[in-house]
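Undergrad: Curious how this folds, go ahead:
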Amino acid sequence: MNIHTIMNMNRASSCGVVYRFLWIWLACILTLQGQGVQFDDSFNASPSSPLTAMAIQPDGEIVVGGSFTSMNGVTRRRITRLLPDGSLDLGFFAEANNTVNAIAIQPDGKILLGGDFTTVNGVPRSRLARLHADGRLDDSFVADAGSTLQCIAIQPDGGILVGGSFTSLAGQPRNRIARLHPDGSLDATFNPGVSSGVVYTLAVQADGKILLGGAFTNAGGSSRQRIARLHADGTVDATFDPGANSAVRVMALDAQGHPLVSGPFTNIGGTSSPYLARLLNDPATSALTVGGTAEITWTRGGSAPEIGHVTFDVWDGTAWVSAGSAARIPGGWQATGLSLPATSWPLLTSLPTDRRGPLDTNGPLNLPNILAYAMGIDPYAAIAADMPAIVTISEDADRVTLRFRRSVVSSDASLSIWVSPDLSEDSWIPAVWHTQAIVEAAEDWEIIEAEIDTAGPEKSFFRMKVDWIDP
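TA: Below you'll find the predicted structure:
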């Protein structure tokens with residue numbers, strides 16, 4: 001199953017990556033490794049001056065902001081939207097009278113802008129505004145900031161976090177960080193305050209915690225050197241205090257929840273790391289479950305990065321088929337009203353080379369395929385929690401550590417991990433195992449942890465193969 005996720009991409013908001021998790025044949029992951037960088041000459045966009053903000057919509061269109069006054073030779077003042085190929089979206093028109101520093105896309109498609117402007121589309125709006133999806137100003141949203149706004153991040157409940165150098169927002173005192181309700185009214189319960197300087201960047205974790213970076217030395221009443229983390233209620237997280245010797249200008253969370261930070265600093269967390277660093281963090285958690293034939297749920301927690309849009313694809317045995325967009329639920333995302341295979345496992349039947357005999361006579365337990373048998377799963381009465389968990393826990397770019405669950409009664413089935421760069425059937429090769437150990441055991445289950453080669457940075461897809469051994 002594919003999970004496609006979209007996060008805002010601008011220097012001021014919480015992220016800078018679009019990533020994909022892939023589940024193949026009940027047990028598979030995509031390690032988030034680079035595929036090499038090449039210039040895409042099919043993308044043609046020419047602003048008259050540098051961009052300072054961008055965000056990608058679920059449909060692939062790109063909202064951009066900055067100080068430019070034209071795009072692709074056409075007058076566009078500081079805000080516009082591009083089609084995926086870089087051409088101008090002629091159906092979108094908006095303009096601001098000064099620089100746009102931050103853009104965020106809400107789940108309903110509305111577009112939040114922050115910056116130095118005082119008018120948007122000719123209407124007074126001081127440094128914060130919201131547009132409809134077609135570029136029209138949202139007249140219902142008025143939350144003027146007293147000074148420059150640098151960053152915007154949207155929380156799972158729709159709350160809008162903003163940071164900058166302002167000392168007032170929506171007519172109320174707020175020092176450099178604040179939270180608005182979705183309608184633009186100020187959240188009176190959230191007021192951590194940053195005593196001086198500026199908040200340049202924000203990142204939201206799936207557990208609701210908020211990372212902020214900037215040029216401050218105090219956040220929420222506690223000494224914090226240019227980087228801090230808050231609880232969802234705005235109180236300072238005492239367990240997170242790396243400290244940097246100069247400003248943190250850009251921050252993003254990777255898929256494992258590690259903060260990537262950049263700025264003019266040369267030391268962070270007591271370690272020399274000029275201008276760029278990755279920090280350790282609490283664990284990121286993620287689980288994919290299938291409920292019957294009509295529901296897929298993706299739960300996320302811990303330090304996992306907050307995301308704004310999710311769609312699911314299901315493998316039908318020959319191709320990936322869209323299962324549609326997921327809706328936000330507490331703690332994750334869920335798609336309902338689906339028509340998944342009756343076994344409750346969307347990818348269960350896609351084992352043409354890894355099964356033995358007819359589908360209804362595999363193994364002494366008479367289960368439909370060997371993979372289900374080795375994992376101790378009865379696909380006719382599947383329980384979502386029984387799906388084998390496979391996670392990436394290695395930090396080494398050349399190796400990945402997999403942890404999976406299997407039945408202790410399947411001693412006559414041999415498991416192996418295969419790797420592929422592109423999912424084509426003839427590209428799969430056996431992965432090289434370095435270590436394998438049982439790390440947890442129960443009466444019916446055992447948890448196996450294995451470290452394997454990724455076969456180079458382009459070998460990113462993994463599947464589990466089960467080889468039958470006759471008794």
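Undergrad: Tell me the confidence at A372?
TA: What the model reports as pLDDT for A372 is 50.
Undergrad: same thing with A238?
TA: 96.
Undergrad: just checking, it is part of a strand?
TA: No: using DSSP: H, G, I helix; E, B strand; the rest coil, the secondary structure at A238 is coil, not a strand.
Undergrad: So for it, what's the nearest residue that isn't a sequence neighbour?
TA: S222 (7.7 Å; Cβ to Cβ, 6 or more residues apart in numbering). Just so you know, the C-beta spots here come from the backbone N, C-alpha and C atoms, and that holds for glycine as well.
Undergrad: Also I296?
TA: Nearest one to I296, counting by Cβ to Cβ, 6+ apart, is A335 at 4.9 Å.
Undergrad: So the one you found sits against A323, correct?
TA: Yes: using Cβ atoms under 8 Å, A335 is in contact with A323, at 5.7 Å.
Undergrad: Run through the protein and note the low-pLDDT ranges.
TA: 1-38, 292, 315-320, 340-400, 402-416, 420-425, 435, 443-445, 453-471 (pLDDT under 70).
Undergrad: partners of V100 in the sheet?
TA: G115 (DSSP bridges).
Undergrad: Isn't it up against G115?
TA: Yes: between V100 and G115 a contact is recorded at 4.3 Å, counting by Cβ under 8 Å.
Undergrad: overlap in contacts of the two?
TA: T52, A53, G65, R78 (Cβ atoms under 8 Å, 6 or more residues apart in numbering).
Undergrad: Remind me what the one helix or strand the second one maps to packs against, helices and strands.
TA: This means A53. Taking DSSP states H and E as the criterion, A53 maps to strand 51-56. Counting contacts by 3 or more Cβ pairs under 8 Å, 6 or more residues apart in numbering; DSSP states H and E, strand 51-56 packs against strand 62-66, strand 100-105, strand 111-115.
Undergrad: can you rerun that using 7 Å?
TA: The helices and strands touching strand 51-56, judged by 3 or more Cβ pairs under 7 Å, 6 or more residues apart in numbering; DSSP states H and E, are strand 62-66, strand 100-105.
Undergrad: How about the backbone phi and psi for the residue nearest to I296?
TA: phi -110, psi 130 (degrees, to the nearest 10).
Undergrad: quick one: it from V314, how far?
TA: 10 Å (Cβ to Cβ, to the nearest Å).
Undergrad: Settle it for me: which of the two has more neighbours?
TA: Each of A335 and V314 has its neighbours counted (other Cβ atoms under 10 Å); V314 has more, 23 against 20.
Undergrad: Can you show me the helices along the chain?
TA: Counting by DSSP state H, the chain has these helices, from start to end: 370-374.
Undergrad: could the helices and strands packed on strand 51-56 go into TSV alongside mean neighbour count and distance to I227?
TA: Output for the helices and strands packed on strand 51-56, formatted as TSV (neighbours: other Cβ atoms under 10 Å; distance: least, Cβ to Cβ, whole Å):
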stretch	mean neighbour count	distance to I227
strand 62-66	25	25
strand 100-105	28	18
